[in-house]
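Chemist: have a look at this prediction, sequence included:
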Amino acid sequence: MSLASFAVQLLNGLASASSLFLVAAGLTLIFGVTRIVNFAHGSFFMLGAYVGWSAGHVLAAALPASPLSFWLAVLAAGIAVAALGAVIEVLILRRIYAAPELLQLTATFGVLLIAGDATLALWGAEDRLGPRVPGLSGTVPVLGYAVPSYELALIAIAVAVFALLTLLLRRTRFGVLVRAAAENREIAGALGIDQATLYTTVFALGSFLAGAAGALALPREPANLGMDLAVIADAFVVTVLGGLGSIPGAFIAALAIGVTKALCIAAGTIEVGGIALALPRLARVIEFIVMALVLLVRPTGLFGTQSTPAAQSISGHRRLEPPGRIAAWSALALAAGAALLPALAGSYAAVLATDILVAALFTASLQLLTGSGGMASFGHAAWFGIGAYAAAWMSLAGYPFALAVIAAPIAAAAVAAAFAGLSSRVSGIHFAMLTLALAQILWSGALDWEPVTGGSNGLIGVWPPPALADPRHYYALVLAICAIALVALVAVAFTPYGYALRASRDAPLRARACGIAVGRRRREAIWLSAAFAGLAGALYAFSKGGVGPDSLAIPRSVDALVMLLLGGLSAVFGPLAGAAALTWLQDTLARSTEYWHAATGIAILVLVLVFPDGIATLGNVARALRRSGARA
Amino acid sequence: MLRSVLFAAAAALAAAGSLGPHAALAQPIRLGEINEYKQFPAFLAPYQKGMQLAVDEINAKGGVLGRPLEVISRDDNGVPGDAVRAAEELTAREHVALLMGTFASNIGLAVSDFARQRKVLFIAAEPLTDKLVWQDGNEYTWRLRASTYMQTAMLVPDAVKTGKKRWAIVYPNYEYGQAATETFKQQMIAQGGSGLEFIEQPVPLGKIDPGAVVQALIDDHPDAIFSSLFGPDLARFVREGELRGLFKGRPVFDLLGGEPEYLDPLKDEAPVGWYVTGYPWYAIDTPEHRAFLAAYRAKFDDYPRLGSVVGYSTVKAAAAAIARAHSTDTAKLVAAMANLRVATPFGEVTFRAIDHQSTMGAFVGRLAVRDGKGVMVDFHYADGKDFLPPDDVVRRLRPAAR
């Protein structure tokens, strides 16, 4: 690579970084003030692209060959998406600010599902490539290379937006309010700042940036239905890497990632000590590797000042109630009903119930970590996937079924123990992002390590022994294992260890003063939780006949979070209720309507708004009512 | 859409009822269909229309074995585990005669292994992976669409003819792109002789960084380019490459670039002169295709995409198998698949007994722009049977055939 080439690749990196910065700036603003982990931010980006495409067409007809049509379309896209963001904030998010913060993530996940289907319905399935920008459709010679002039314009726009945002935050009253709210919401509220208006405004501003960024991406990529998920993970990484809520941080982080990616691609395959390393392959995960390395050294990101209290307050709203006699009897009745299910409802019911039980175990393992441990995880699929791959690999290598199932939790716990040791300084949302980084690195490894993992196709031919080949028989085994595991997880929560863990979550300083080894309790929760997730992964692999990279991917981690929050973060039956609700909903809706993602999203929103504490807390509500009735 | 297929089937059932006394009483034969409708809508929406057209045509003629056909579709959300659950549901609850469909290779393989485990016929419609019929091939799985190997082999003769030695290969970094790359290299060496050089540039699927990739390719100074990109990645690569002058003076080959699903979004920016495989529906002048085109346009007021042909032909293949087997019994159906001839819009294709691959081919030609749209010109139909390895090689590749 010549020096000129290197310099121009840096410029390419800057152009990509500019696009990324515009998306991430909106996300970091929203998070900084409202503490919402906005999963729908990628959808806002996608909607911006589609609106920009449509507006561009209308305006190009009105103003032929004028560059104005493009820029007006960008503005229109930003405004339209800002309006949508404001509506979503007022109608949905505002109602659940008091609930655990992860609940808002669940709600925005519902919005993501609805937005995807709405885009499909409005614009159709075909990709929509926008026209080139009049006046910026050519190239500029830079050091002997032709660099598209639009990419240089994009860099200028990013710098301008950065400057404007900095001015807005540093020099205006609005900026003072935003910074005050970001620093301490309660005190800002106590000083008489109208929080409702502030949150809506900030949410709209963030959405505006995402929408405009989507429209600005059009000259480089067609509007397509995969844009939402393609951008959201990177935007999160930039936000967290830069330091939550920090606009300069997002700027630097976007630059770092854009440039690192471009250089990986430019470097091509290099040889290190005789081993060929195909660096372009790293382009898939390099942002996560960079983020993980930075978080391990600087646990709050590049420009992050304080660790967010998110983790500790995550489940502070409702105490985990020890199961009473009613709960015990209902669990027994449930188990008895479950045991009779295949006889009553046939073989497919057993298949579906197997999926529900596996999902419940996976969710319950997350409940131990996030509910009792106070450690949110965006990458819980890592443990599920390790377990699934370990079991599949053992099974294909000829080891007996039982050994393969036992190996899974051991493998997951072993990796988790190492991870727990490494990540002990990282907490809150940064810890959640670190788990995501780990899951993404493993996912990419599974895709690349073809001889062991089967690459993108995964491993197939992983079936239980003939005696369990009938789905009803396999279901019986899964029921037995999951029943024991679920009871064990509940029991753990009410051992002295469980109380110590929750004490470490709620009041780490006081817990430490009482002699509780807070750090150690947490590390134990990480590997214990991973072991149960790994067990769920093994049961999953054998029920599906195989395992693939999807077992490690982001959607699986999100599923676990959504099921946990739907069921109830601090409800004994929460994981089971959430897993049953989501699995059954998806199974039923996918069969009955083309727009089943939207239908699922709506169901999630309704459940979140009606049962902010989870559907499994129904019993608690009834009990509370009875108590208040008795008192009256 | 799912509903409309069912509705059309029901309407056809009523229509069939008026044809004769047998049909009125007959229970429909159910075909279980699984696909990644949410992940690949650009391909699969036309695919579903193609299926619907085939079902309607068959039922208008009285169905199969005197019974109407009914397609029951399931969306697997792009997750192999969900596809397996859908397969369980279709077999256990809907009692389908066979399974068919799937787009992505990992899903195709998962359902194929389910078919082996539960002993049910699976006609894979679209997944391209060679493993489906070779390394992981099994008794119950058959595939319609030409594989990665076949499609790549179709482009190799033209690539050899260019006489270029230094090739840059850019591909989506997962099995499909890796297999296309490997096949291209092997076939070029086998047919093009010595002195060949290959430089590879893998890109993450759906997330190409076009500026950096194009410049890295320019810096490699290749004589020619072979790409297996498709979808949004392809559009971004084309636009950036044209702007930066990557394609100037270099022959470019793109594996799927002529498929309307990926070509049409490019409009007047379709890269002129590229060698591609695809589906020039506007210019195929055979009786089979004229009939298909007319029926499709009459029914949907839209032109067919490649997905339409694949969906249509998959249903036709399933119907042909049932008719030949005179039964919906799996063993008989599997036996009927061997050397089964199916009439498709591309002409008659045969499901080879040796590796369960159909001989469906593809159109090979070059891209041009006409009336502001990308089209294929100077094309010919490459029959799939001419682009498969010799039988002894196939037997070595396919453990199940030994």
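Modeler: Nice, thanks for sending it over. Residues are numbered from 1 along each chain as shown, chains lettered A, B, ... in the order given.

Chemist: how about the residues of the stretch 501-632 of chain A by chain B?
Modeler: Proximity of the stretch 501-632 of chain A to chain B, by Cβ under 8 Å from any Cβ of the partner chain, involves residues A:540, A:543-546, A:548, A:550-551, A:555, A:586-587, A:590-591, A:593-594, A:596-597. In this view, the C-beta of every residue, glycine as well, is placed from N, C-alpha and C.

Chemist: quick one: which of the residues you listed sit in helices?
Modeler: A:540, A:543-544, A:555, A:586-587, A:590-591, A:596-597 (DSSP state H).

Chemist: and the stretch 151-300 of chain A, which residues reach chain B?
Modeler: Checking the stretch 151-300 of chain A against chain B by Cβ under 8 Å from any Cβ, the hits are A:151, A:219-222, A:224-226, A:230, A:261-262, A:265-266, A:268-269, A:278, A:280-281, A:283-284.

Chemist: give me the buried subset of these.
Modeler: A:151, A:219-222, A:224-226, A:230, A:261-262, A:265-266, A:268, A:278, A:280-281, A:283-284 (16 or more other Cβ atoms under 10 Å in any protein chain shown).

Chemist: residue ranges with poor pLDDT in the chain?
Modeler: Chain wasn't specified; assuming chain A. Where chain A drops to pLDDT under 70, the residues are A:1, A:306-318, A:618-632.

Chemist: can you look at chain B instead?
Modeler: For chain B, the ranges with pLDDT under 70 are B:1-25, B:402.

Chemist: can you pull out the strands in it?
Modeler: All strands of chain B, identified by DSSP state E, fall at B:29-35, B:69-75, B:98-101, B:122-124, B:141-143, B:166-172, B:197-203, B:224-227, B:252-258, B:275-278, B:341-344, B:347-350, B:362-370, B:373-382.

Chemist: any chance of the ones you listed in TSV, with distance to chain A and mean neighbour count too?
Modeler: Formatted as TSV, the strands of chain B follow (distance: least, Cβ to the nearest Cβ, whole Å; neighbours: other Cβ atoms under 10 Å in any protein chain shown):
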stretch	distance to chain A	mean neighbour count
strand B:29-35	11	26
strand B:69-75	5	24
strand B:98-101	14	29
strand B:122-124	13	29
strand B:141-143	11	28
strand B:166-172	10	23
strand B:197-203	5	21
strand B:224-227	14	25
strand B:252-258	14	26
strand B:275-278	16	26
strand B:341-344	23	18
strand B:347-350	25	17
strand B:362-370	14	20
strand B:373-382	11	18
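
Chemist: got these as TSV, with distance to residue A:418 columns?
Modeler: TSV is the format used below for these (distance: least, Cβ to Cβ, whole Å):
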stretch	distance to residue A:418
strand B:29-35	39
strand B:69-75	38
strand B:98-101	42
strand B:122-124	40
strand B:141-143	40
strand B:166-172	32
strand B:197-203	29
strand B:224-227	40
strand B:252-258	41
strand B:275-278	47
strand B:341-344	54
strand B:347-350	53
strand B:362-370	49
strand B:373-382	52
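
Chemist: near chain B, which residues of the stretch 1-150 of chain A?
Modeler: A:1-2, A:5, A:8-9, A:12-13, A:15-16, A:116, A:120, A:124-129, A:132, A:138-139, A:145-148.

Chemist: now, of these, which are buried?
Modeler: So, by 16+ other Cβ under 10 Å, the buried ones in the residues of the stretch 1-150 of chain A next to chain B are A:5, A:8-9, A:12-13, A:15-16, A:116, A:120, A:125-129, A:132, A:139, A:145-148.

Chemist: if we can go back for a sec, buried subset of the residues of the stretch 501-632 of chain A next to chain B?
Modeler: Using 16+ other Cβ under 10 Å, the buried ones in those are A:540, A:543-546, A:548, A:550-551, A:586-587, A:590-591, A:593-594, A:596-597.

Chemist: before we move on, back to that, among the residues of the stretch 151-300 of chain A next to chain B, which are located in strands?
Modeler: A:269, A:278.

Chemist: show me the residues of the stretch 151-300 of chain A next to chain B that map onto helices.
Modeler: Judged by DSSP H, those include A:151, A:230, A:261-262, A:265-266 as members of helices.

Chemist: want to try a markdown table for those residues, with distance to residue A:373 as columns?
Modeler: Below are these laid out as a markdown table (distance: Cβ to Cβ, whole Å):
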| residue | distance to residue A:373 |
| --- | --- |
| A:151 | 45 |
| A:230 | 32 |
| A:261 | 34 |
| A:262 | 39 |
| A:265 | 39 |
| A:266 | 42 |
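
Chemist: from these, which two are the most distant?
Modeler: Pairwise distances across these peak at 21.6 Å for A:230 and A:266 (criterion: Cβ to Cβ).

Chemist: for the buried ones among the residues of the stretch 501-632 of chain A next to chain B, which one is nearest residue B:42?
Modeler: Distances from residue B:42 to those, taken as Cβ to Cβ, are shortest for residue A:594 (15.0 Å).

Chemist: how much space between residue A:424 and chain B?
Modeler: 31 Å (Cβ to the nearest Cβ, to the nearest Å).

Chemist: residue A:436 too?
Modeler: Applying Cβ to the nearest Cβ, the value for residue A:436 to chain B is 16 Å.

Chemist: next one: residue A:72
Modeler: Counting by Cβ to the nearest Cβ - residue A:72 and chain B are separated by 22 Å.

Chemist: ok now do that residue, which residues does it touch?
Modeler: A:55, A:59, A:63 (Cβ atoms under 8 Å, 6 or more residues apart in numbering or on different chains).

Chemist: let's see which of these end up in helices.
Modeler: Per DSSP H, the contacts of residue A:72 map to helices at A:55, A:59.

Chemist: out of the contacts of residue A:72, which is most surrounded?
Modeler: Ranked by neighbour count (other Cβ atoms under 10 Å in any protein chain shown), the contacts of residue A:72 have residue A:55 at the top, with 21 neighbours.

Chemist: does that one touch residue A:76 like I think?
Modeler: Yes - under the criterion of Cβ atoms under 8 Å, residue A:55 makes contact with residue A:76 at 4.2 Å.

Chemist: find residues that contact each of these two.
Modeler: With Cβ under 8 Å, 6+ apart as the test, residue A:55 and residue A:76 both reach residue A:215.

Chemist: do a quick rundown of the helices in the stretch 251-400 of chain B.
Modeler: B:260-263, B:287-300, B:306-325, B:330-337, B:391-397 (DSSP state H, counting those that start in this stretch).

Chemist: any idea which helix or strand carries residue A:330?
Modeler: Taking DSSP states H and E as the definition, residue A:330 sits inside helix A:325-345.

Chemist: helices or strands up against the one helix or strand residue A:49 maps to?
Modeler: Element membership of residue A:49 [criterion: DSSP H and E] is helix A:41-62. When contacts are defined as 3 or more Cβ pairs under 8 Å, 6 or more residues apart in numbering or on different chains; DSSP states H and E, helix A:41-62 sits against helix A:3-34, helix A:67-91, helix A:101-123, helix A:195-217, helix A:227-242.
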